[in-house]
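Undergrad: Pasting a predicted model and its sequence here:
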Amino acid sequence: QVQLVESGGGLVQAGGSLRLSCAASGRIFSSYAMGWFRQAPGKEREFVAAIRRSGGSTYNVDSVKGRFTISRDNAKNTVYLQMNSLKPEDTAVYYCAAESPGSTIVGGIQFGSWGQGTQVTVSS
């Protein structure tokens, strides 16, 4: 079982930047993929980005193309989401997720372990 703790959310003006972090524990971090999802009020949870064990990344191109970057530091057991040029429509609770048996599947990766979420609010 993986335990995940997100941090780095907050209030930022449109055009600004934030970096989210997610610290993992409980399994060998380098052995599984990680992902970021978000859920805005009244909307379904949406895939944002994922990074595989190899370091290869996948993005929800339509919503975050060229603005968000996912990365991982296996020595620190941490995955990051660098968010630039933020827009009000990026406002949501952001969740990190770890590859494990589960019902959420993106790009062939099952995500079954979830953090508690961190709020990101972008003001116009």
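TA: Nice, I can see it. Numbering: from 1, shown residues only.

Undergrad: which residues make contact with the helix or strand where R19 lies from outside it?
TA: Using DSSP states H and E, R19 sits in strand 18-25. By Cβ atoms under 8 Å, 6 or more residues apart in numbering, the residues outside strand 18-25 that reach it are 2-10, 12, 34, 36, 76-83, 86, 94, 96, 98, 115, 118, 120. For the C-beta atoms, the positions are set from N, CA and C on the backbone; glycine is no exception.

Undergrad: May I have the beta-bridge partners of R38?
TA: E46, Y94 (DSSP bridges).

Undergrad: so it touches V93, yeah?
TA: Yes: in terms of Cβ atoms under 8 Å, R38 counts as a neighbour of V93; the distance is 6.6 Å.

Undergrad: and the contacts of strand 18-25, which are buried?
TA: 2, 4, 6, 8-9, 12, 34, 36, 77-81, 83, 86, 94, 96, 98, 115, 118, 120 (16 or more other Cβ atoms under 10 Å).

Undergrad: Now, the residues you listed that are in helices?
TA: In helices, judged by DSSP state H, none of the buried ones among the contacts of strand 18-25 are found.

Undergrad: Against which helices or strands is the lowest-mean-pLDDT helix or strand in the chain packed?
TA: One helix or strand of the chain scores below all others by mean pLDDT, DSSP states H and E: helix 61-64, with a mean of 84. Contacting helix 61-64 under the criterion 3 or more Cβ pairs under 8 Å, 6 or more residues apart in numbering; DSSP states H and E are the following elements: strand 46-51.

Undergrad: show me where this protein has strands.
TA: With DSSP state E as the criterion, the chain has strands at 3-7, 10-13, 18-25, 34-39, 46-51, 57-59, 68-73, 78-83, 92-106, 109-114, 118-123.

Undergrad: Save the ones you listed as CSV, and put in mean pLDDT too.
TA: Converted to CSV, the strands of the chain look like this (pLDDT from 0 to 100):
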stretch, mean pLDDT
strand 3-7, 96
strand 10-13, 98
strand 18-25, 97
strand 34-39, 97
strand 46-51, 96
strand 57-59, 89
strand 68-73, 97
strand 78-83, 98
strand 92-106, 95
strand 109-114, 95
strand 118-123, 98
